[in-house]
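Undergrad: Just a sequence and a predicted model for now, questions to come.
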Amino acid sequence: MNSDMLLPTKTEVASHLAQYRAWERLRLAAPADRQVRAHFEDTAYTLCVLMGKRCGREAADAAEHYLRPSVEHPPMAAPPLAAPAVAVAALSGR
């Protein structure tokens with residue numbers, strides 16, 4: 001997605017992506033059904049507009065990427081537990 005464009009809410013993108021995927025499955029199951037094709041193309045167009053892409057497949061890929069959890073800042077691991085002074089003394093022979 002272009003960094004200069006406004007981003008839709010993730011819930012809206014998720015909803016439209018789910019609709020796109022549902023109509024995509026129906027389209028694959030009934031390739032000759034004109035109504036299914038029209039609905040699939042409508043959902044693809046809406047997803048294209050939301051994601052700023054020219055192709056439904058690219059828009060779906062962009063939506064999935066947009067919805068993927070960010071890994072830029074992974075959660076920090078807990079610091080290691082400090083060894084009790086008694087255990088350290090026992091190991092060092094004190």
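TA: Yep, that arrived. Residues are numbered from 1 along each chain as shown.

Undergrad: Going along the chain, name the helices of this structure.
TA: Listed in chain order, the helices of the chain (DSSP state H) span 10-29, 34-51, 56-67, 85-92.

Undergrad: got the phi/psi numbers for Lys53?
TA: As for Lys53, its main-chain torsions (degrees, to the nearest 10) stand at phi -120, psi 160.

Undergrad: Next, count neighbours for it.
TA: Burial of Lys53 is recorded as 19 neighbouring residues (other CB atoms under 10 Å). For the C-beta atoms, the positions are set from N, CA and C on the backbone; glycine is no exception.

Undergrad: Now it. Nearest residue, chain neighbours left out?
TA: Counting by CB to CB, 6 or more residues apart in numbering, Lys53 lies nearest to Ala59, which is 4.0 Å off, once chain neighbours are set aside.

Undergrad: isn't Arg21 right next to Ala60, touching?
TA: Yes: if you go by CB atoms under 8 Å, Arg21 and Ala60 touch, sitting 7.3 Å apart.

Undergrad: coming back round to it: any idea how far Ala32 is from the residue nearest to Lys53?
TA: Shown here: Ala59 relative to Ala32, a distance of 24 Å by CB to CB, to the nearest Å.

Undergrad: Neighbour count: the two, which is higher?
TA: Ala59 (26 against 6).

Undergrad: Kindly confirm whether my reading is correct that the more buried one touches Met51.
TA: Yes: applying CB under 8 Å, one finds Ala59 in contact with Met51, separated by 4.3 Å.

Undergrad: Mutual contacts of the two, please.
TA: Counting by CB atoms under 8 Å, 6 or more residues apart in numbering, Ala59 and Met51 have no common neighbour.
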